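Trainee: Need a 3D model of the sequence below.
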Amino acid sequence: MERALAIRYTPGQFRDALGLTKETFRYWKRDLPALAAVAGHSPCFGPSELVATAVAKQAVELAGVSIGRLAPLAAQLFALCEQRSWPQLERLSAILFLQTGHVSFVELAAPFPGQEPAIVIPLEPVIRELRDRLLAADVDLQSSLAFPPVAVASRRRR
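Mentor: Okay, here's the model as predicted:
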């Protein structure tokens, strides 16, 4: 199946959308292999990498989990985010099972799928925050244009 072209984000756009400093981003790239894999002269990140990193950020900031502790879950988290679009992800919660190094996505109303302690992160507010930050960045870029809209007339061919 052919995939649609996806929006790509520069490292600066990626950091801004997530609210990460350069230092934090550099540190996370060492611990999250999927981020480190995006390298080269002009690396670009996709929407799925943005969501997966936002989920990791939620676990770090709200649950107090170190980014190194999330490293064993990272490959699975990034792969699950790659398999779904943002509208599909919004209806799910990510469940991070730290003991077994497993990640699961479940619908919001589904029963809890496990016996061990886990971190549950609803994806709808994560994606809403990403959208708000990305749209705010686009508005700021557009408002800085110094040229007003101008009517364009076509020329007649002779």
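Trainee: Give me the three-state assignment for the nearest residue to residue 82 once chain neighbours are set aside.
Mentor: Leaving aside its chain neighbours, residue 82 sits nearest to residue 48 (4.2 Å; criterion: C-beta to C-beta, 6 or more residues apart in numbering). For glycine as for every other residue, the C-beta is placed from the backbone atoms N, C-alpha and C. Secondary structure assignment for residue 48 (DSSP: H, G, I helix; E, B strand; the rest coil): helix.
Trainee: Now do the contacts for residue 48.
Mentor: 78, 81, 82 (C-beta atoms under 8 Å, 6 or more residues apart in numbering).
Trainee: For this structure, just list every one of the strands.
Mentor: With DSSP state E as the criterion, the chain has strands at 92-97, 102-107, 119-122.
Trainee: count of residues packed around the residue nearest to residue 89 when sequence neighbours are not counted?
Mentor: The shortest distance from residue 89 to any non-neighbouring residue, by C-beta to C-beta, 6+ apart, is to residue 123 (4.8 Å). Residue 123: 23 surrounding residues under other C-beta atoms under 10 Å.
Trainee: Isn't residue 123 up against residue 85?
Mentor: No: using C-beta atoms under 8 Å as the test, residue 123 is too far from residue 85 to be in contact (11.7 Å).
Trainee: May I have the predicted confidence score for the spatially most central residue of the chain?
Mentor: Taking C-alpha atoms, centre = their mean, the centroid of the chain lies closest to residue 50, which sits 1.7 Å from it. Note for residue 50: predicted pLDDT of 94.
Trainee: Same check on residue 145?
Mentor: 53.
Trainee: all helices of this protein, in order?
Mentor: 11-18, 22-31, 33-36, 47-63, 67-82, 86-89, 123-143 (DSSP state H).
Trainee: Below-threshold pLDDT in this protein: ranges please.
Mentor: 1-5, 39-42, 137-158 (pLDDT under 70).
Trainee: give me that answer again for 50
Mentor: By pLDDT under 50, the low-scoring segments of the chain are 1-3, 140-142.
Trainee: Hmm, residue 59 and residue 65 touching each other?
Mentor: Yes: counting by C-beta under 8 Å, residue 65 does reach residue 59; the two are 4.6 Å apart.
Trainee: Between the two, which has more neighbouring residues?
Mentor: With neighbours defined as other C-beta under 10 Å, residue 65 and residue 59 compare such that residue 59 has more, 21 against 17.
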